[in-house]
Structure formats: C-alpha cells, structure tokens
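J.: Curious how this folds, go ahead:
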Amino acid sequence: MNTHVENYLKSIYTLSLEGNGMVTTNAIAGKLEMKASSVTDMLKKLDERGLVNHTRYQGADLTAKGRKIAVDVIRKHRLWEMFLAEKLGFSWDEVHDIAEQMEHVVSTELVDRLDAFLGFPTHDPHGDPIPDKEGQIAPDNLLLLCDLKKGKKAIVRGVKDHGSAFLRHLSALGLMPGQKIQLSERLEYDQTCILILLPSKKQAQISSATAQNLLLQEL
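T.: I've put the predicted structure just below:
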C-alpha cells in the first residue's frame with residue numbers, strides 16, 4: 001500500500017465524517033489539491049482494488065477494507081503527533097506536518113510499541129480521538145463553542161480547524177485542550193463570545209469564526 005493510496009483513503013474517511021453518504025469527487029480533489037479528473041481516475045483504480053465503492057458523477061465511500069487502512073493511517077498520525085508534542089517538545093501547531101511524513105511507516109510492531117510507550121493515549125494534542133489497535137474510536141460527546149448556552153461552563157477538548165495560524169491564535173488566547181471556560185456573553189450583533197477562563201477569571205473575546213471551530217465538553 002503506497003503513500004498515494006493511503007492519502008486518498010485517509011482523505012475520503014476524514015471527509016465522510018463531515019457529512020452523510022458518499023464523498024464527492026470535487027471534495028476529494030479540494031482536500032488533496034488535485035484536479036477532479038485525476039481524482040476520478042484514481043477512484044476507479046481504488047474501486048478495482050476493493051478499497052472504495054465508486055459511483056460515476058457522485059463520488060465514493062470506503063469499503064471495510066479501505067476503512068481499515070484509513071483508520072490505521074490516522075492512528076499512526078495521531079500517535080506520532082503525541083510523541084512529537086509530549087516527548088520532543090514540539091508545539092501543537094508544529095506536529096501535523098511532521099506526522100504527515102511519519103504516518104506511512106509500515107511496521108505494526110513499531111506503532112504498537114509507540115502506543116504502549118505513550119501510555120495508550122485516547123486523544124492527540126488537538127483533541128482528536130486516537131483509534132485503538134482494533135481500529136475502534138471511542139465516541140466523544142462534544143459541542144462547538146457557538147452552540148454553548150450563555151452562563152454554561154465547559155472544558156476545551158479539541159479543534160475542527162487544524163491550521164497552524166488558528167492553533168497559534170488559540171495558544172495566544174490560552175484556549176488549549178484542558179482549559180475550563182464559562183460563556184459570559186454572546187453579542188447579538190456578530191455572535192462574538194465573551195469567555196471567562198477558569199479558575200483565573202481572565203476574560204477572552206472570541207470571534208464567531210473561532211467559536212465555530214472550538215470543540216468543548218460541557219461541565
């Protein structure tokens with residue numbers, strides 16, 4: 001299984017979590033920054049290999065075999081992110097690109113030992129769940145900051161946007177995973193959120209765009 005195929009399967013799996021049914025060819029092309037015609041050709045090949053179910057003009061979804069490979073790549077990626085952050089001191093906005101290079105390691109024994117070495121973590125530095133050895137992902141009962149009710153308390157658990165600029169923005173605001181907050185106010189005009197960081201009681205003003213990408217667990 002080469003890197004190119006794994007990237008396709010991982011992209012289809014990730015996009016499938018954002019909607020229902022088949023993932024469109026254009027969505028895959030956008031994520032991989034490729035031409036739609038090239039994606040169509042590749043989907044046909046993946047279909048022939050039993051990795052996706054491809055329907056012309058509609059897109060594709062993963063077969064059980066394709067999903068297993070995709071989840072395995074995601075497991076490796078998120079474990080490497082944890083290793084880079086916890087053991088090598090990389091910041092959470094630096095680990096993604098490096099883990100992209102390391103997620104294609106072939107050795108199952110290496111990945112299993114890495115998992116054990118890290119203490120079998122359940123989430124990566126961005127709060128994303130890490131699949132276990134069997135490919136199972138524990139469900140998270142999370143909500144976006146934009147859906148939190150005024151006066152409610154919550155703890156930051158993760159992000160939807162993994163871009164470096166966004167992660168640095170959250171770091172500057174002190175909104176890292178594990179930070180407890182309370183929604184003090186949501187402005188009617190532009191949905192800006194006024195947060196109280198706990199226990200320091202420091203205030204933070206959060207834009208609507210940020211609120212739509214910050215994942216919380218209500219307390």
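
J.: Give me the contacts around stretch 6-22.
T.: Residues outside stretch 6-22 that contact it (CB atoms under 8 Å, 6 or more residues apart in numbering) are 23, 27-28, 31-32, 42-43, 46, 51-53, 55, 58-62, 66-67, 69-71, 73-74, 77, 103-104. All C-beta atoms are positioned from the backbone trio N, CA, C, and that covers glycine.

J.: scratch that, stretch 161-178
T.: So stretch 161-178 is contacted by 91-94, 96, 123, 125-127, 155-159, 181, 195, 197, 202, 204, 206, 210, 213-214 (CB under 8 Å, 6+ apart).

J.: same thing with stretch 36-53?
T.: With contact meaning CB under 8 Å, 6+ apart, stretch 36-53 is reached by 5, 8-9, 12, 22, 25-26, 28-29, 32, 54, 59-63, 65-66, 69.

J.: switch to 6 Å and redo it
T.: Residues outside stretch 36-53 that contact it (CB atoms under 6 Å, 6 or more residues apart in numbering): Thr25, Asn26, Ile28, Ala29, His54, Ala60, Asp61, Leu62, Thr63, Lys65, Gly66.

J.: Can you lay out these as a markdown table showing neighbour count, secondary structure and pLDDT?
T.: Below are the contacts of stretch 36-53 laid out as a markdown table (neighbours: other CB atoms under 10 Å; DSSP: H, G, I helix; E, B strand; the rest coil; pLDDT from 0 to 100):
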| residue | neighbour count | secondary structure | pLDDT |
| --- | --- | --- | --- |
| Thr25 | 22 | helix | 93 |
| Asn26 | 11 | helix | 92 |
| Ile28 | 21 | helix | 93 |
| Ala29 | 18 | helix | 93 |
| His54 | 19 | strand | 94 |
| Ala60 | 28 | strand | 94 |
| Asp61 | 18 | strand | 94 |
| Leu62 | 21 | strand | 96 |
| Thr63 | 17 | coil | 96 |
| Lys65 | 13 | helix | 96 |
| Gly66 | 23 | helix | 96 |
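
J.: And those, which two are furthest apart?
T.: Asn26 and Lys65 (24.6 Å; CB to CB).

J.: got the phi/psi numbers for the residue sitting nearest the centre point of the chain?
T.: Central residue of the chain (CA atoms, centre = their mean): Asp128, 5.2 Å from the mean position. With angles defined as degrees, to the nearest 10, Asp128 sits at phi -80, psi 140.
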